[in-house]
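S.K.: A structural model of the following input is requested.
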Amino acid sequence: MGIIHKVGIGERGLGIGRRLFHSPFTIPYSPFAIAFFLFSFAFSLSACASTRPVVKIGLLAPFEGVYRQEGYDALAAMRAAIAEQNPAGVDVLPLALDSSRDVARSAQKVLADPSVVAVVGPYWAVEGLSAGQLFGDDRWRHPYAPSGDANWAADAVDAATAFAEGERHTLVLAGIPPGWPQTGVEIVTADDVQTGQAILWLGDAAVGADFAQAVWERLPDTPIGLYAAGADTFRQRVEKGLTGPLFVVGWIDDDYPAWATSHFPNTPAAYTVYRLTADVLRSLAGETVTTRWQPALFTVDNDGRLSLASGR
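M.R.: Residues are numbered from 1 along each chain as shown. A predicted model of the protein is given here:
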């Protein structure tokens, strides 16, 4: 039987000699004892490893380029929903793919993973509408149209129309992405905008900033709205050129006001990702999901803070 001596630090390194200090305590061991210890340790590690099934929820959002913060806000919202739902008997992981370069290829990658039970995305209406056939799978949940209702676009425009009328303006549309459903509302260019009109911009927010500056050079008090996301990028591009009111049309339900007080980021775009993720997990748990999505108007102040407009 061998003896293991606990050895202290040699004093040579301290410049005072080479003597070693030995503990008065010794530990007896044998090859059999060591083998048993190693086996027991390995077995305990394997027992601690999770054997629960793993499912993934995909997220298709911009993680590069000018909108990367939007993507990371969406991912934070998805992670919060997963943590708070904490579904029993299964491990849930987010699978985030960047959609800023090739949304179709990213979509194919996420769908190729058999453990993906649902995908939240694409983030922008222009992406989803441009490749609608690809996103027809029942696993997709679209933040720009979370209700899944065929009239989602008309409902969003109606909400913006009511807001504009409350401001004594007539709503017009601009930046229409290919595939946007017909709503019967006038579509304008920057040169067409007239006094007394409010604009709902439906395209890329960065391009919308250039459009807004062209309008505000002639009509500085014109209200301009964005659809679903992109307000921060819009404001950064406009900088001090923002002269008219800015509003955002987003999708929420009755739980949004309470949620917004305890979560950050708490934009309507982040909320749609959070709620869609939570609804997927509730469905997996066998619950009946009855989220009542409604388009809502948010005003944006000079510091970029969003406030839910009155009437909600």
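S.K.: wait, what's in contact with A61?
M.R.: If you count contacts by Cβ atoms under 8 Å, 6 or more residues apart in numbering, A61 has them with E70, G71, A74, L75, A96, D98, S99, G121, P122, Y123, V273. Where C-beta positions appear, they are placed from N, C-alpha and C, glycine not excepted.
S.K.: Are we agreed that the fifth one is in a strand?
M.R.: Pointing back at A96 there. Yes. The assignment for A96, made by DSSP: H, G, I helix; E, B strand; the rest coil, places it in a strand.
S.K.: May I see the contacts of A61 arranged in TSV, with neighbour count as well?
M.R.: Shown next, in TSV, are the contacts of A61 (neighbours: other Cβ atoms under 10 Å):
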residue	neighbour count
E70	27
G71	23
A74	30
L75	18
A96	22
D98	17
S99	26
G121	29
P122	26
Y123	28
V273	28
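S.K.: Got the confidence number for G10?
M.R.: Model confidence at G10, given as pLDDT, is 41.
S.K.: Tell me where this structure has helices.
M.R.: In the chain, the segments counted as helices under DSSP state H are 31-48, 68-85, 103-111, 125-130, 152-166, 205-218, 231-238, 256-260, 268-284.
S.K.: What is the fifth one packed up against?
M.R.: Packed against helix 152-166 by the contact rule (3 or more Cβ pairs under 8 Å, 6 or more residues apart in numbering; DSSP states H and E) you find strand 170-174, strand 197-201, strand 224-227, strand 246-252, strand 294-300.
S.K.: The third one now?
M.R.: Counting contacts by 3+ Cβ pairs under 8 Å, 6+ apart, helix 103-111 packs against strand 54-61, strand 91-98, strand 116-120.
S.K.: Could you figure out how far the first one is turned away from strand 91-98?
M.R.: In this structure, strand 54-61 runs at an angle of 30 degrees to strand 91-98, with axes from the mean of the first three to the mean of the last three Cα atoms, to 10 degrees as the basis.
S.K.: chain center to strand 54-61, what's the gap?
M.R.: Averaging C-alpha coordinates over strand 54-61 and over its chain gives two centres that are 11 Å apart (Cα atoms, centre = their mean, to the nearest Å).
S.K.: Please report how far the most centrally placed residue in the chain lies from N86.
M.R.: With distances taken as Cα atoms, centre = their mean, the residue of the chain nearest its centroid is A74 (1.1 Å). With the distance defined as Cβ to Cβ, to the nearest Å, A74 ends up 20 Å from N86.
S.K.: repeat for W180
M.R.: To N86, W180 is 38 Å away according to Cβ to Cβ.
S.K.: The two - which one has more neighbours?
M.R.: Neighbours per residue, other Cβ atoms under 10 Å: of W180 and N86, the larger number sits with W180, 18 against 8.
S.K.: Let me see the contact set for the more buried one.
M.R.: Listed by Cβ under 8 Å, 6+ apart, the contact partners of W180 are A125, L129, A153, L202.
S.K.: And for L276?
M.R.: For L276, the contacting residues are V120, R141, P143, P146, taking Cβ under 8 Å, 6+ apart as the criterion.
S.K.: out of the residues you listed, which one sits closest to A309?
M.R.: A309 lies nearest to P146 out of the contacts of L276, by Cβ to Cβ, at 19.0 Å.
S.K.: just checking, T183 touches V172?
M.R.: No. Using Cβ atoms under 8 Å as the test, T183 is too far from V172 to be in contact (11.1 Å).
S.K.: how many other residues sit next to the closest residue to G175 other than its chain neighbours?
M.R.: The shortest distance from G175 to any residue other than its chain neighbours is 2.9 Å, reached at G203 (Cβ to Cβ, 6 or more residues apart in numbering). Other residues within reach of G203 by the criterion other Cβ under 10 Å amount to 21.
S.K.: for V193, same thing?
M.R.: In terms of burial, V193 registers 21 neighbours under the definition other Cβ under 10 Å.
S.K.: just G132 next, same as before
M.R.: By other Cβ under 10 Å, the burial measure for G132, its neighbour count, is 9.
S.K.: which non-adjacent residue is nearest it?
M.R.: Once flanking residues are discounted, G132 sits nearest to G179: 6.3 Å by Cβ to Cβ, 6+ apart.
S.K.: ditto for A159
M.R.: For A159, ignoring the flanking residues on the chain, the nearest one in space by Cβ to Cβ, 6+ apart is P295 at 3.9 Å.
S.K.: In the stretch 201-312 of the chain, where is pLDDT below threshold?
M.R.: Flagging of the stretch 201-312 of the chain using pLDDT under 70 yields the residue ranges 310-312.
S.K.: The stretch 51-200 of the chain now?
M.R.: Residues of the stretch 51-200 of the chain that meet the criterion pLDDT under 70 are absent altogether.
S.K.: mind running it again at 90?
M.R.: Within the stretch 51-200 of the chain, the stretches falling below the threshold (pLDDT under 90) are 51-53, 86-89, 101, 123-124, 126-138, 148.
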